[in-house]
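>>> What follows is a protein structure lacking sequence information:
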């Protein structure tokens with residue numbers, strides 16, 4: 001204790017520059033020792049995680065190569081399905097026609113096979129076609145447990161690969177073939193064939209690719225790498241070839257960490273890599289890093305001891321000057337400013353304290369104003385983003401009509417465009433009557449009819465007086481636009497219905513139903529997930545629907561908004577739900593308002609229901 005007391009007393013008797021110099025040397029030495037031990041032991045405990053991340057980049061690259069390979073298989077089979085000779089095989093034919101068609105199909109398939117081999121290194125060992133009308137084709141002889149379409153369907157349905165609803169392409173089995181000198185394996189790929197017009201399943205394309213084609217990507221990666229089909233069966237193994245076709249024990253990929261499983265995108269295959277590979281990759285690099293860090297820290301100690309005494313004098317003067325300035329400010333002298341004669345860190349800090357004193361009050365006021373205006377700005381911005389391309393596309397159509405000497409149609413198109421933007425201004429109003437929103441739809445559909453030669457049948461169904469219900473401007477138009485552009489893509493005719501209801505709690509429900517192509521189940525799930533996200537994802541594709549949903553939620557609350565329902569090939573329904581708030585006096589509901597002038601009221605047997613139909617002939 002006596003020695004420590006003497007050291008303390010001697011330290012307190014030193015001048016500030018000497019105290020600073022000694023403190024810097026001591027702190028630097030302690031920190032250097034601490035960092036040395038911390039880096040060493042931390043590296044020892046973290047080496048597994050570091051090597052894991054390093055090796056993961058290699059595994060990701062291999063997985064990407066596999067994805068490209070299987071994507072090339074998908075592209076090749078897509079080209080086969082689109083062959084005209086294959087599509088003609090689905091029609092009734094005589095034996096002579098069938099023989100001629102088979103010859104033509106064989107020639108077309110041989111060209112596709114050679115292209116796949118030359119461009120992507122894909123070798124097909126199985127290529128069979130089974131059509132629903134009884135036509136079968138075999139390019140390579142192979143023994144399979146079925147011979148026709150129904151047998152193929154029954155076999156893979158019993159195996160769990162095909163369901164009652166829409167079935168997608170997937171890898172289904174592994175075949176073992178003997179070439180005489182050695183044994184090789186063929187991975188089977190089953191792809192249903194659908195009619196491009198009726199979307200009805202008309203057959204199956206069963207092809208097999210050599211396992212050796214993709215084995216080369218990971219053959220030398222580690223000692224126990226494999227590919228699984230549906231996480232159940234081993235379809236490829238780089239070492240234990242006798243395990244191919246066997247069931248895979250799923251508990252090996254559990255939290256024990258024995259194996260790492262990575263899904264191969266757009267397939268039902270997975271890449272499995274042993275964890276020992278991650279431990280070994282990069283281990284020497286980590287050890288070299290630790291040794292380099294220890295050497296750098298040791299050199300830093302020597303440099304700190306040498307330069308600390310040189311810099312202590314200048315640093316101590318700057319610190320004392322900054323300390324006196326801060327004391328002056330804390331006593332209430334807000335006019336005090338730090339004056340620096342140098343350009344070191346202390347001078348930088350003092351100058352920024354000066355700036356802080358100048359701006360702190362203005363920043364607080366500006367933050368309050370921005371917070372108040374934030375929500376309104378967001379709503380206005382979202383509204384201004386609707387239909388930015390409508391004006392450009394319409395003017396392009398007008399120019400084309402003028403060049404074609406169709407002046408009457410061009411004048412009508414300009415009139416509808418003018419009416420559309422006149423109503424869209426609405427004197428700056430955020431809420432407009434529902435009849436005005438429907439008037440916007442009239443102008444928009446007129447523009448679509450004239451610009452794209454489409455026949456649009458539009459019908460409004462309602463048992464309530466809906467014309468003066470307040471709605472957010474541009475609520476229905478983006479939905480109708482989405483239906484016309486996506487729901488009736490490739491169609492010359494379109495039929496859209498609008499159902500308007502209101503419950504006892506004054507909650508308005510507007511259902512927009514188009515009887516177009518519909519939405520695939522997986523795409524419908526993706527769209528619903530995107531609508532629920534906030535902020536929106538970067539790859540958002542249906543911005544119009546998201547915009548409408550977000551504006552309703554922002555204005556009325558999270559309990560309201562937009563929902564989607566669709567049956568592929570049948571219909572798509574977009575339902576809007578929001579409270580019926582009181583609009584301006586100029587459009588509050590009165591006694592039995594009249595139908596809009598552009599709608600034709602029709603009789604109906606449903607009591608209390610009124611229907612309006614708007615039809616634009618092509």
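Yes, it's here. Values in this document were obtained by computation on a predicted structure and should not be read as measured data.

>>> drop to CA atoms for contacts and neighbour counts, all remaining ones
OK.

>>> Just give the number of residues close to residue 525.
By other CA atoms under 10 Å, the residues close to residue 525 number 13.

>>> now it: how far from residue 343?
Using CA to CA, to the nearest Å, residue 525 is found at 60 Å from residue 343.

>>> Same check on residue 209?
70 Å.

>>> now swap in residue 56 and tell me
Counting by CA to CA, the gap from residue 56 to residue 343 is 46 Å.

>>> Compare the two (neighbour count), which wins?
Ranked by neighbour count (other CA under 10 Å), residue 56 and residue 343 place residue 56 first, with 16 against 9.

>>> With residue 274 as the reference, measure out to that one.
For residue 56 relative to residue 274 (CA to CA), the value is 12 Å.

>>> Could you do residue 143 as well?
35 Å.

>>> Which one's more surrounded, these two?
Between residue 143 and residue 274, counted using other CA under 10 Å, the more crowded position is residue 274 (19 against 9).

>>> quick one: least confident helix or strand in the protein?
strand 600-602 (a mean of 39; mean pLDDT, DSSP states H and E).

>>> where exactly do the strands run in the stretch 101-250 of the chain?
124-131, 136-138, 170-178, 183-194, 201-210, 226-229, 233-237 (DSSP state E, counting those that start in this stretch).

>>> Where does residue 100 sit: helix, strand or coil?
helix (DSSP: H, G, I helix; E, B strand; the rest coil).

>>> partner residues bridging residue 269?
residue 229 (DSSP bridges).

>>> show me the contacts for it.
171, 227-231, 263 (CA atoms under 8 Å, 6 or more residues apart in numbering).

>>> any idea how far it lies from residue 226?
To residue 226, residue 269 is 10 Å away according to CA to CA.

>>> if we can go back for a sec, residue 532: which of the strands of the stretch 101-250 of the chain is closest?
Of all these, strand 170-178 sits nearest to residue 532, with 30.1 Å by CA to CA.

>>> That closest one packs against which elements?
Judged by 3 or more CA pairs under 8 Å, 6 or more residues apart in numbering; DSSP states H and E, strand 170-178 is in contact with strand 183-194.

>>> List of residues touching the strand it packs on?
So strand 183-194 is in contact with 77, 81, 125-126, 167-178, 200-212, 235, going by CA under 8 Å, 6+ apart.

>>> starting at the chain centroid, how far to it?
30 Å (CA atoms, centre = their mean, to the nearest Å).

>>> And the pLDDT for the residue most central in space within the chain?
Among the residues of the chain, the one closest to the centroid is residue 539, at 4.8 Å (CA atoms, centre = their mean). Looking at residue 539, its pLDDT reads 75.

>>> who are the neighbours in contact with it?
Contacts of residue 539 (CA under 8 Å, 6+ apart): none.

>>> now residue 273
222, 224-226, 259-261.

>>> picking that back up, in CSV, list the strands of the stretch 101-250 of the chain along with mean neighbour count.
As requested, the strands of the stretch 101-250 of the chain are exported to CSV (neighbours: other CA atoms under 10 Å):
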stretch, mean neighbour count
strand 124-131, 21
strand 136-138, 17
strand 170-178, 17
strand 183-194, 20
strand 201-210, 21
strand 226-229, 24
strand 233-237, 24
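
>>> In CSV: these, plus distance to residue 449 and mean pLDDT.
Shown next, in CSV, are these (distance: least, CA to CA, whole Å; pLDDT from 0 to 100):
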stretch, distance to residue 449, mean pLDDT
strand 124-131, 41, 91
strand 136-138, 46, 91
strand 170-178, 42, 84
strand 183-194, 32, 89
strand 201-210, 34, 91
strand 226-229, 50, 88
strand 233-237, 54, 87
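
>>> out of these, nearest to residue 442?
Evaluated over the strands of the stretch 101-250 of the chain, closeness to residue 442 peaks at strand 183-194, with 37.2 Å, by CA to CA.

>>> Which neighbours in the sheet does that closest one have, and how are they oriented?
strand 170-178 (antiparallel), strand 201-210 (antiparallel).

>>> ranges for the strands of the stretch 351-500 of the chain?
Under DSSP E, counting those that start in this stretch, the stretch 351-500 of the chain gives strands at 431-433, 455-462, 470-472, 493-502.

>>> Dump those strands to CSV, plus mean pLDDT, distance to residue 182 and mean neighbour count.
Converted to CSV, the strands of the stretch 351-500 of the chain look like this (pLDDT from 0 to 100; distance: least, CA to CA, whole Å; neighbours: other CA atoms under 10 Å):
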stretch, mean pLDDT, distance to residue 182, mean neighbour count
strand 431-433, 88, 76, 21
strand 455-462, 88, 65, 19
strand 470-472, 91, 72, 22
strand 493-502, 91, 60, 19
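
>>> so which of these gets nearest residue 530?
strand 470-472 (21.5 Å).

>>> Partner strands of that closest one and their direction?
The sheet places strand 470-472 alongside strand 431-433 (antiparallel), with pairing taken from DSSP bridges.

>>> just how off-centre is the partner strand within its chain?
For strand 431-433, the distance to the chain centre is 34 Å (CA atoms, centre = their mean).

>>> Could you do stretch 394-406 as well?
Counting by CA atoms, centre = their mean, stretch 394-406 comes out at 38 Å from the chain centroid.

>>> Can you mark which positions in that stretch are buried?
Within stretch 394-406, the residues that qualify as buried are 394-395, 397-398, 401, counting by 16 or more other CA atoms under 10 Å.

>>> One more: stretch 561-580?
For stretch 561-580, by 16+ other CA under 10 Å, it's 561-567, 571-580.

>>> Likewise for stretch 338-354?
In stretch 338-354, counting by 16+ other CA under 10 Å, buried: 338, 346-347, 350-351, 354.

>>> Could you find the lowest-pLDDT member of those residues?
Lowest pLDDT among the buried residues of stretch 338-354: residue 346, 72.

>>> hang on, that one packs against residue 322?
Yes - Residue 346 is within contact range of residue 322, at 7.3 Å (criterion: CA atoms under 8 Å).

>>> coming back round to it: most widely separated two among the buried residues of stretch 338-354?
346 and 354 (12.5 Å).

>>> Tell me how far stretch 350-362 lies from the chain's centre.
43 Å.

>>> And stretch 85-101, by the same measure?
43 Å.

>>> what does stretch 139-159 give?
37 Å.

>>> ok, now stretch 514-527?
On CA atoms, centre = their mean, the centre of stretch 514-527 falls 16 Å from the chain's centre.

>>> got the contact list for that stretch?
Contacts for stretch 514-527 (CA under 8 Å, 6+ apart): 483, 487-489, 494-497, 542, 564-573.

>>> at 6 Å what do you get?
487-488, 495-496, 566-572 (CA atoms under 6 Å, 6 or more residues apart in numbering).

>>> How about stretch 431-447?
413, 416, 420, 467-473, 477.

>>> quick one: which of those sit in helices?
Judged by DSSP state H, the contacts of stretch 431-447 include 413, 416, 420, 477 as members of helices.
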